[in-house]
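1. sequence and predicted structure below; questions after.
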Amino acid sequence: MIVAIDGPAGSGKGTVTKEIAKRMGLINLDTGATYRCVALASIRNKIGLEEEDKIVSMIDDLKIEFKYDENDFIRVFLNDEEVTNEIRSFEVNKIVSPISSIIPVRLKMVDLQRKMAEGKDVIMEGRDIGTYVFPNADVKIYLDADIEERAKRRFKENKEKGLDVTFEKVLENIKKRDENDKKKKIGALKVAEDAVIVDSTKLTISEMADEVEKIILEKTGEK
Ligand code: DC
């Protein structure tokens, strides 16, 4: 079974995906983490965004893996080193959307994402899961929220992690990412024709998860 959860940054995809994976015994695949690994590797190798050829030739040397700890929390590994936290830095946030727009990067990551899901019951979060990675997914949900609310959530998350980034900077980063993610040539952020839209602006985490669980059960015919 494939459940696709798409939507913009801060819409609650990550949170809801983790919760539903736990409730329904699905494997949680965070596709954004694959692009984040490429962004981190570019930073570490001091490759600039404009050096597309170098980024593309670098990806063949990257081994990206997800491992699950005892709480089923995804741990992300890049060439055998755990980078679960590093890939969430503000530096990575700044370049990940343009990195994910590079077509050969997308093709390679989509290939990897499809392989990761092979033969498994998964809940996959991203931007293009229902439209491009798995257009035949059993359930497609598009999660959205007002931009101010999404920026507030990211700002709070950063604060909790001890990151010192102003609210204005977070808002600006989210706006830029939204714009860039929507205009990609392949895998742009958009609502799949057969997706159910959930607006999480005014929902608590558990209300959001209840709503998503209800949609999945309705679509898969379980009561
Ligand atoms: O979900 P996230 O914030 O971790 O995603 C990071 C970036 O990766 C996001 O700005 C767009 C890109 N992305 C994508 O293009 N396609 C996906 N399926 C997932 C993420």
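-> Received it, and whenever you're ready, just let me know what you need.
2. show the pLDDT at the closest residue to Asp199 other than its chain neighbours.
-> The shortest distance from Asp199 to any non-neighbouring residue, by Cβ to Cβ, 6 or more residues apart in numbering, is to Asp144 (5.5 Å). (C-beta placed from N, C-alpha, C; glycine too.) Reported pLDDT at Asp144 in the predicted model: 97.
3. spit out the contact partners of Asp144.
-> Asp144 sits next to 7-8, 11, 197-200 when contact means Cβ atoms under 8 Å, 6 or more residues apart in numbering.
4. out of the residues you listed, which end up buried?
-> 7-8, 11, 198, 200 (16 or more other Cβ atoms under 10 Å).
5. which of the residues you listed fall in helices?
-> Among the buried ones among the contacts of Asp144, no member falls in helices (DSSP state H).
6. re the thing from before, for Asp181, state which of the contacts of Asp144 is nearest.
-> Closest approach to Asp181 among the contacts of Asp144 (Cβ to Cβ): Pro8, at 6.8 Å.
7. setting the sequence-adjacent residues aside, check what's closest to the closest one.
-> Asp178 (5.2 Å).
8. residues making contact with the host helix or strand of the one you found?
-> According to DSSP states H and E, Asp178 maps onto helix 167-182. If you take Cβ under 8 Å, 6+ apart as the criterion, helix 167-182 is touched by 8-10, 90, 93-94, 96-98, 100-101, 127, 147-148, 150-152, 154-155, 158, 188-190.
9. which of the residues you listed come close to the ligand?
-> Subset of the contacts of helix 167-182 in contact with the ligand: 9, 96-97, 100, 127, counting by Cβ under 6 Å from any ligand atom.
10. and the end-to-end length of stretch 16-35?
-> Length of stretch 16-35, first residue to last, Cα to Cα, to the nearest Å: 20 Å.
11. let me fix that, I meant to ask about stretch 143-151.
-> For stretch 143-151, the end-to-end distance is 15 Å (Cα to Cα).
12. again with stretch 15-33
-> End-to-end distance (Cα to Cα), stretch 15-33: 14 Å.
13. looking only at pLDDT, what's the mean for it?
-> Per-residue pLDDT over stretch 15-33 has a mean of 95.
14. buried residues in that stretch, which are they?
-> Neighbour counts over stretch 15-33 (16+ other Cβ under 10 Å) mark 15-21, 24, 26-33 as buried.
15. buried residues in stretch 199-207?
-> Neighbour counts over stretch 199-207 (16+ other Cβ under 10 Å) mark 200, 203 as buried.
16. just to revisit the earlier point, would you format the buried ones among the contacts of Asp144 as CSV with pLDDT included?
-> Conversion of those to CSV gives the following (pLDDT from 0 to 100):
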residue, pLDDT
Gly7, 96
Pro8, 96
Ser11, 96
Val198, 98
Ser200, 96
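17. between those residues, which is closest to Ser57?
-> Looking across the buried ones among the contacts of Asp144 and measuring by Cβ to Cβ, the closest to Ser57 is Pro8, at 30.4 Å.
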